[in-house]
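Asks: Got a predicted structure here, sequence first:
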Amino acid sequence: MELVISKLCGAVWVGNMPCCRVMKGIKHSPLPNESPSVRRFLQAIKDIFRSYNATFGPAFKDEADRALGEAHFWYHDHHMLRHPWANEREFATGAWRANQPNPERISDYAKRGIKSILTLRGSANLSHFLFEKEACAAHGIALTSIALSARNAAPKEEYLALLDHFEAIEKPFLIHCKSGADRTGIAAAFYLLHMENARLSDARGQLSWKYLHLRWTKTGILDAILDSYERDLKAHGPIPLRDWLSLYYDRDAVTAAFHKR
């Protein structure tokens, strides 16, 4: 059976006949001989299209709402790309990093003894957070959140709040963003500098191509933050990370220097 999905007309066609309108508000009209498997497939396609602009409350309302959340999570939040590879590593004793986990992976983390998860994606009522919140509650994992950017230097208050989280979080813990590359990389570097007294050269390894961080892209501004820290260390001698963020870190100067490179 030939299946053609047209985004222009918002229809799913089987052969030469339109079987399902996937634009919001247009219902599916089944063919007389349409099998249950075809109907399920077409409903899944419809959910994928409808979930693009879907909004959710603090919890899924019903199974239809959950189905939209699953479609959004897998396709629009790109879990289909993350599913085969967790981008996971223990970067310090009891401190793990990864990309956005699904509920099954969170269940596995609980079995492995993970006590806490810190998401760097914030706590908006989007599919990824709702599923994560449910799974953590079900498995007794403490979930905390902070919203960081991968393509912009954050205000110092946000990075200082991140250090506060590190000081309070129960180990073993996991930190993650969406892909586990950029926000997770700078957070892991800050953890090593702040909690492990690591050398800056070692902390820089958390922003690496092996985690899919590419410093020549817009996310290279996170490397520019560490570059600024390094310049101040050379100019002023040893400065604890918290003190540097409080007294020396200049978000605007970092941003300007990055865009001039």
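Replies: Nice, thanks for sending it over.

Asks: State the pLDDT value of the closest residue to Leu233 other than its chain neighbours.
Replies: Distance criterion C-beta to C-beta, 6 or more residues apart in numbering; nearest residue to Leu233, sequence neighbours excluded, is Ile239 at 6.2 Å. C-betas here are computed from N, CA, C, even on glycine. Per-residue pLDDT puts Ile239 at 98.

Asks: Wait, Glu158 touches Ser145, no?
Replies: No - using C-beta atoms under 8 Å, Glu158 is not in contact with Ser145; the gap is 12.0 Å.

Asks: Which residue lies closest in space to the most centrally placed residue in the chain, excluding its sequence neighbours?
Replies: For the chain, Lys178 is the residue whose C-alpha lies nearest the centre (C-alpha atoms, centre = their mean; 1.8 Å). Excluding its sequence neighbours, the residue lying closest to Lys178 (C-beta to C-beta, 6+ apart) is Gln100, at 5.2 Å.

Asks: Tell me which helix or strand the one you found sits in.
Replies: Assessed by DSSP states H and E, Gln100 sits outside every helix and strand.

Asks: What segments of the stretch 151-261 of the chain are strands?
Replies: 173-176 (DSSP state E, counting those that start in this stretch).

Asks: residues contacting Ser208?
Replies: Gly185 (C-beta atoms under 8 Å, 6 or more residues apart in numbering).

Asks: For it, grab phi and psi.
Replies: Dihedral angles of Ser208 (phi, psi; degrees, to the nearest 10) stand at phi -140, psi 150.

Asks: if I look at it, how far off is Ala187?
Replies: With distances taken as C-beta to C-beta, to the nearest Å, Ser208 is found 14 Å from Ala187.

Asks: Same check on Phe129?
Replies: In terms of C-beta to C-beta, Phe129 sits 17 Å off from Ala187.

Asks: Those two: which has the busier surroundings?
Replies: More neighbours surround Ala187 than the other of Phe129 and Ala187, with 25 against 21 (other C-beta atoms under 10 Å).

Asks: Now do the contacts for the nearest residue to that one once chain neighbours are set aside.
Replies: Nearest non-adjacent residue to Ala187, counting by C-beta to C-beta, 6+ apart: Ile175, 5.3 Å away. By C-beta under 8 Å, 6+ apart, the contact set of Ile175 is Ala95, Trp96, Arg97, Ala98, Ile117, Leu118, Thr119, Leu120, Thr184, Ala187, Ala188, Tyr191.

Asks: do the same with Glu90
Replies: When contacts are counted by C-beta under 8 Å, 6+ apart, Glu90 touches Trp96.

Asks: now do 10 Å
Replies: Contact analysis of Glu90 by C-beta atoms under 10 Å, 6 or more residues apart in numbering lists Trp96, Arg97, Pro172, Leu174.

Asks: The second one: which element?
Replies: Going back to what we said before, that points to Arg97. Going by DSSP H and E, Arg97 is in strand 95-98.

Asks: Mind giving me the packing neighbours of that strand?
Replies: strand 89-92, helix 103-111, strand 116-119, strand 173-176, helix 183-195 (3 or more C-beta pairs under 10 Å, 6 or more residues apart in numbering; DSSP states H and E).

Asks: Kindly recompute the last result at 6 Å.
Replies: Strand 95-98 sits against strand 89-92, strand 173-176, with contacts defined as 3 or more C-beta pairs under 6 Å, 6 or more residues apart in numbering; DSSP states H and E.

Asks: Please name whichever of those strands is nearest to Ser35.
Replies: Of all these, strand 173-176 sits nearest to Ser35, with 39.8 Å by C-beta to C-beta.

Asks: Buried residues of that closest one, list them for me.
Replies: Buried residues in strand 173-176, counted by 16 or more other C-beta atoms under 10 Å: Phe173, Leu174, Ile175, His176.

Asks: Can you show me the helices along the stretch 101-250 of the chain?
Replies: 103-111, 127-139, 156-168, 183-195, 200-203, 221-236, 241-247 (DSSP state H, counting those that start in this stretch).
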